[in-house]
Each structure stands twice: as C-alpha cells, then as structure tokens.
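Peer 1: coords please:
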Amino acid sequence: MTQQKGKVYLVGAGPGDVAYLTVKAYNLLATAQVLVYDALVDEQLLQCVSPDCLKIDVGKRGGKPSTPQADINHLLVKYCQEGALVVRLKSGDPFIFGRCTSEIEALKAAGCKFEVVPGISSAIAAPLLAGIPLTDPVMSRCFAVLTAHEPEVLDWEALSRLDTLVILMGGKNLADIINELLRRGRSHLTPIAIIRWAGSPSQQIWTGQLGNILEQTRGLSLSPAVIVIGEVVGLRKYLQPEKIFPENSTTPMSSNQPLTGKTILVTRSSGQSSQFSDRLTTLGATVIEMPALEIGPPSSWEQLDQAIANLSHFDWLILTSTNGVDYFFERLHIKGKDTRTLAGLKIAVVGEKTSQSLKQRGIQADFIPPNFVADSLVEHFPESLLGQKILFPRVESGGREILVKELSAKGAEVIEVAAYQSCCPSSIPLAAELALKNHTIDIITFASSKTVQFFHQLVDNIFPHNIPNTLAGICIASIGPQTSKTCHTLLGRVDIEAEEYTLDGLTQSIINWSLKV
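Peer 2: Sure thing, here's the model as predicted:
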C-alpha cells in the first residue's frame with residue numbers, strides 16, 4: 001500500500017508574541033509533527049508544539065552561518081513524503097520577504113501538498129505597536145514596504161516620492177538608506193522611527209529625523225528592526241496613551257523626574273532636536289517636537305569654494321554654529337582637501353555645541369569665548385585683531401552683524417561667506433498643531449532667534465493674528481539674551497532664560513521654574 005503523503009503548512013508567526021499568532025497557526029503548531037523554523041521566531045512559540053514534535057532550526061541571519069535554502073527545501077520535501085504534518089514557521093507573513101517561492105517550487109516539483117497560512121507582518125505590526133499609523137488622510141495617503149538588504153537595487157527615485165516607507169532588513173544599511181533619500185530631495189527633518197524586536201519584551205524604539213538618527217543609534221545593534229520613514233512618525237507621541245497624573249494625585253514626584261506632568265514643545269533645527277528632547281523625556285516630561293528651522297546648502301558654493309582655495313591667506317577661522325562646522329568641513333572634503341589644509345590657521349568657535357562638533361572631527365579650537373555667546377568673542381579675543389584676516393562661514397541670510405561690526409572696528413578684515421541657509425518649514429507636525437489648538441502645552445523652548453522667527457511665522461499661518469491667545473498660559477523658555485530679545489519682539493514676553501547659554505543650562509532653568517510653579 002502506498003504510504004500517504006503528509007502536508008506542509010507555510011505559516012506566518014507574526015511579530016513574535018504568541019498573542020499575535022492567528023488561531024489557525026496556533027492549532028497547526030499544536031498538531032505539528034515536524035517544525036522547521038526561522039531564527040526570528042520567538043522562543044515562546046516553540047512551546048506551542050507537542051513534546052514529540054521534531055524541531056529544526058534553519059534560521060537565516062545576515063552575517064552568521066545559515067542553512068542553505070536548498071537544504072531547507074530538501075527537509076520540507078523529505079518529511080512531507082514521510083507522511084508528516086510539517087509546519088514551516090516564518091516570522092511575520094510568509095509572503096512578505098519570506099523566501100517562499102523556492103520552497104513552494106520544490107514542494108510542487110516533488111508532488112507534496114502545501115498550504116500557506118497568513119501571518120501578521122512586522123511591517124504592519126511594528127509601527128502599530130509603536131503607536132505609528134501608516135496611513136493618514138493628510139500625511140500619508142500611501143505607504144510602501146521594502147527590504148533594504150540590497151539597497152543598491154532599489155528605485156530610490158520613486159521611493160523618495162512616497163509618503164511613508166516601511167523598511168525591513170535595513171539596520172545595517174541605515175546610513176545608505178538615509179543618503180539615498182536625502183540625495184533625492186527628502187528633507188533632513190523627515191521623521192524616522194526604528195523599532196527593534198517589535199512585539200516582544202525586548203522591544204526598543206528610536207525616533208528622530210533623517211538628519212540625526214545616525215548619531216542617536218551610532219554603535220548600537222539595530223537588527224532585527226522595522227524602519228518607518230515619513231511624517232506619520234510625528235504622530236506617535238500624540239497617539240500614545242498619556243500618563244495621567246490627576247491634580248489630587250498623592251503620587252510623589254520623583255526627584256529624578258522633576259518635569260513629570262509637563263508637556264514641552266521643543267522648537268529646534270534639523271538634526272538637533274532629539275538629544276534635547278530625550279533629556280527632557282528622561283526628566284519626566286511629555287515632549288512634542290516641532291522643527292521650526294530647515295537647514296540646507298547655500299544657493300551658491302562660489303564664495304565658500306573660493307575661500308577654501310585660499311585658506312592660507314587667512315589668520316583665523318570663526319565658526320559660530322554646528323551647522324557652520326558641518327557644512328564647512330563637508331565642502332572642504334568635497335573640494336579634495338582635509339584638515340591638513342588648516343595648518344597655520346587658528347580657529348575660534350562660539351558655543352559649547354560648536355566646540356564639541358569640532359572635536360568630533362579631531363580638531364581642538366584655539367579660542368572659545370566665555371559665556372558661550374558671540375558678543376564675548378571680541379571682548380576676550382586672545383590677540384590683537386589689528387590686521388587679522390578672518391574667514392567667517394555663516395548662514396546665507398546673514399546674522400551676527402554685531403560680531404562682524406565689532407571685529408572690523410578692531411581692525412580685522414572679515415570675509416563673510418555663505419556656508420548654508422536656513423529656511424522656514426512649510427508646515428508643522430499635526431501633533432504640535434493639535435497640542436497648540438487644544439492648549440495642552442506647558443512650555444515652549446527656543447534655542448535660537450531663527451526658531452522664534454519661523455515659529456511665529458508658522459503659528460501665524462494657522463492661527464492668524466491670534467498668537468497671544470494661542471500662547472496664553474504657556475511658559476516661553478529661551479536659551480539666551482539674543483533669543484530672548486526676539487521672543488520679546490515677536491511673542492511679547494519671555495518667562496525663562498537660561499543662566500548658562502547651553503541646552504543643559506536651558507534644561508536646568510526649566511527644572512527650576514517647574515519646581516516653583
């Protein structure tokens with residue numbers, strides 16, 4: 001008598017937790033005689049099979065020894081022909097990057113019965129579990145799911161035009177992904193989320209923008225991860241369940257979380273918001289980010305290129321922002337030069353962050369003025385300015401007029417060149433707009449005059465001629481005197497000014513204010 005052949009079920013395991021397994025998948029696991037499973041399948045799912053079930057790990061992980069696909073095909077055919085009920089358990093959904101085609105072809109060629117059982121793909125589940133909607137009537141009318149295991153074969157020109165991207169197997173190629181999108185016009189401010197081990201107790205989530213996520217995740221293992229890129233990422237904080245602390249709550253405020261119960265709107269430029277936001281979050285605050293400044297290349301590189309070609313003619317290089325540092329050195333490298341070109345050129349920087357940015361490039365500033373403000377640079381300059389030729393790469397729209405005027409008055413020749421430009425974003429995140437509209441914000445932070453100007457412009461577009469009422473009851477926090485001056489001019493007041501003109505100083509001033517109210 002001919003032995004009855006078995007059957008192979010290609011089953012989607014979902015994102016990990018057994019709670020996200022379909023009923024059919026659960027029942028098949030319970031009756032499986034042979035289980036052939038992938039590396040990303042959660043350990044708890046293996047407990048769903050009977051003790052007599054033969055369990056075979058054929059996990060495929062990048063950079064590690066893997067079972068050849070031909071061997072996996074052979075196992076499925078072998079046990080099926082022996083009459084076993086075989087469950088081929090795949091992470092997520094079998095047909096979403098599940099390598100099913102080869103296995104099905106082998107089963108069909110051998111005359112084996114098979115059935116595909118859908119699972120919840122991590123491409124769908126991970127954003128959901130992180131509080132990120134993949135579609136939105138305004139912000140995301142479509143989304144694409146892709147694997148970035150081989151980014152060089154993808155049509156990034158087309159992908160860059162889509163509202164939302166969901167990327168699997170992209171952790172190791174994150175820098176390449178970001179570079180491809182930025183090259184094709186996506187903004188440095190575009191929100192991005194990285195969700196590692198979604199749906200498991202080990203789940204980790206990083207959020208930021210294309211311009212700063214690499215800095216946040218440098219040195220960290222991101223695999224296995226789902227990457228979400230698009231404006232809908234900004235809705236996460238608004239859609240997450242809020243931690244409610246009633247006014248009559250007897251829960252004491254932790255000394256480590258003095259900002260518990262405060263909602264802070266952070267206005268910053270591209271690539272600079274998350275570190276500050278993370279600090280405030282650690283202190284207990286609910287943070288909503290509102291990028292109020294977009295940074296990009298100048299309209300022309302001609303002036304900067306000419307200055308770089310004649311660096312030996314300058315005595316000093318003055319850098320007053322991290323953007324100035326970044327764009328100057330990027331252009332230096334593009335022109336085929338490196339830091340050796342700076343030999344004999346002394347460098348002065350304004351601001352602690354600017355100094356740190358310079359140190360990251362292996363360069364120590366020759367002069368950092370006290371108080372972290374440009375005004376003190378001239379006052380405390382370490383040598384006579386008479387006859388000094390100074391290169392000053394700055395924002396294209398100008399700024400630091402007083403600094404240039406005072407340097408010139410001391411006899412210096414200041415050559416100003418456009419190294420980058422700052423622009424007002426076209427819109428604000430929906431979460432920020434709703435928070436302003438619903439009066440749920442306690443504090444707004446400003447770290448530069450430009451962020452104040454562009455915030456005023458953006459909010460005035462949404463609430464025309466109604467900014468005083470919109471900001472009523474909200475504490476306005478400024479990083480320093482120049483920013484405060486702009487706040488007084490455009491917003492009518494300042495409630496907090498940092499004593500030390502740094503983000504750490506601003507954080508401490510917010511804490512001090514919070515403890516008093």
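Peer 1: rest of the way, CA atoms for contacts and neighbours
Peer 2: Noted.
Peer 1: now the most centrally placed residue in the chain: how far from Val228?
Peer 2: Nearest to the geometric centre of the chain sits Gly208, at 2.2 Å (Cα atoms, centre = their mean). Noted for Gly208: a distance of 11 Å to Val228, by Cα to Cα, to the nearest Å.
Peer 1: who touches both of the two?
Peer 2: 192-193 (Cα atoms under 8 Å, 6 or more residues apart in numbering).
Peer 1: Helices of the stretch 1-150 of the chain, residue ranges please.
Peer 2: Taking DSSP state H, counting those that start in this stretch as the test, the helices found in the stretch 1-150 of the chain are 23-31, 69-81, 100-109, 122-129.
Peer 1: Nearest to Ala39, out of these?
Peer 2: Within the helices of the stretch 1-150 of the chain, the stretch nearest Ala39 is helix 69-81; the backing value is 13.2 Å (Cα to Cα).
Peer 1: which stretches of the stretch 201-350 of the chain aren't confidently modelled?
Peer 2: 201-202, 240-256, 270-274 (pLDDT under 70).
Peer 1: Helices along that one, start to end?
Peer 2: Counting by DSSP H, counting those that start in this stretch, the helices of the stretch 201-350 of the chain are 213-217, 236-239, 274-282, 302-309, 322-334.
Peer 1: which other helices and strands contact the shortest one?
Peer 2: With contacts defined as 3 or more Cα pairs under 8 Å, 6 or more residues apart in numbering; DSSP states H and E, the packing partners of helix 236-239 are strand 286-289.
Peer 1: Need the residues that contact the strand it packs on.
Peer 2: 234, 237-238, 260-268, 273, 277, 280-281, 429, 431-432.
Peer 1: if we can go back for a sec, who does the residue nearest to the centre of the chain form a beta bridge with?
Peer 2: Ile192 (DSSP bridges).
Peer 1: how near is the closest residue to Cys53 other than its chain neighbours to Val86?
Peer 2: In space, and not counting its chain neighbours, Cys53 is closest to Gln33: 4.6 Å by Cα to Cα, 6 or more residues apart in numbering. Using Cα to Cα, one gets 6 Å for the distance from Gln33 to Val86.
Peer 1: which of the two has more neighbours?
Peer 2: Per other Cα atoms under 10 Å, whichever of Gln33 and Val86 has more neighbours is Val86, with 27 against 20.
Peer 1: Work out the gap between the helix or strand containing Leu436 and the centre of the chain.
Peer 2: Per DSSP states H and E: Leu436 is located in helix 430-437. Here helix 430-437 is found 20 Å from its chain centre; the criterion is Cα atoms, centre = their mean, to the nearest Å.
Peer 1: And for the following helix or strand past that helix, what's in contact with it?
Peer 2: The helix or strand immediately downstream of helix 430-437 is strand 443-446, counting by DSSP H and E. Residues outside strand 443-446 that contact it (Cα under 8 Å, 6+ apart): 262-268, 452, 474-479, 483.
Peer 1: Out of those, which comes closest to Ser357?
Peer 2: Among the contacts of strand 443-446, and counting by Cα to Cα, the member closest to Ser357 is Arg268, at 16.9 Å.
Peer 1: Contacts only, for the closest one.
Peer 2: By Cα under 8 Å, 6+ apart, the neighbours of Arg268 are 289-293, 446-447, 451.
Peer 1: Return the residues in contact with Glu406.
Peer 2: Listed by Cα under 8 Å, 6+ apart, the contact set of Glu406 reads Val378.
Peer 1: try it again with 10 Å
Peer 2: Glu406 sits next to 375, 377-379, 412 when contact means Cα atoms under 10 Å, 6 or more residues apart in numbering.
Peer 1: for Pro133, what are its contacts?
Peer 2: Going by Cα under 10 Å, 6+ apart, Pro133 touches 124, 127, 139-140, 164, 231-236, 239.
Peer 1: could you dump the helices of the stretch 201-350 of the chain to JSON lines with distance to Ala13 and mean neighbour count?
Peer 2: Below are these laid out as JSON lines (distance: least, Cα to Cα, whole Å; neighbours: other Cα atoms under 10 Å):
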{"stretch": "helix 213-217", "distance to Ala13": "28", "mean neighbour count": "16"}
{"stretch": "helix 236-239", "distance to Ala13": "26", "mean neighbour count": "17"}
{"stretch": "helix 274-282", "distance to Ala13": "33", "mean neighbour count": "19"}
{"stretch": "helix 302-309", "distance to Ala13": "55", "mean neighbour count": "17"}
{"stretch": "helix 322-334", "distance to Ala13": "45", "mean neighbour count": "18"}
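Peer 1: Which of the contacts of Glu406 has the largest number of neighbours?
Peer 2: Going by other Cα under 10 Å, Leu377 tops the contacts of Glu406 with 22 neighbours.
Peer 1: Check the gap between that one and Ile479 for me.
Peer 2: Computed as Cα to Cα, the Leu377 to Ile479 distance reads 18 Å.
Peer 1: and the gap between the residue lying closest to Thr451 once chain neighbours are set aside and Lys485?
Peer 2: Of all residues not flanking Thr451 in the chain, Ala292 sits nearest, at 5.3 Å (Cα to Cα, 6+ apart). From Ala292 across to Lys485, the span is 18 Å (Cα to Cα).
Peer 1: quick one: which of these two has more around it?
Peer 2: Per other Cα under 10 Å, whichever of Ala292 and Lys485 has more neighbours is Ala292, with 28 against 17.
Peer 1: my read: the more buried one touches Ala432, true?
Peer 2: No: with contact defined as Cα atoms under 10 Å, Ala292 and Ala432 do not form a contacting pair (11.1 Å).
Peer 1: so what sits against both of these two?
Peer 2: Common neighbours of Ala292 and Ala432, using Cα under 10 Å, 6+ apart, are Val266.
Peer 1: Below-threshold pLDDT in the stretch 51-200 of the chain: ranges please.
Peer 2: Under the criterion pLDDT under 70, the flagged ranges of the stretch 51-200 of the chain are 60-65, 200.
Peer 1: For Arg361, grab the count of nearby residues.
Peer 2: Applying other Cα under 10 Å, we find 12 residues neighbouring Arg361.
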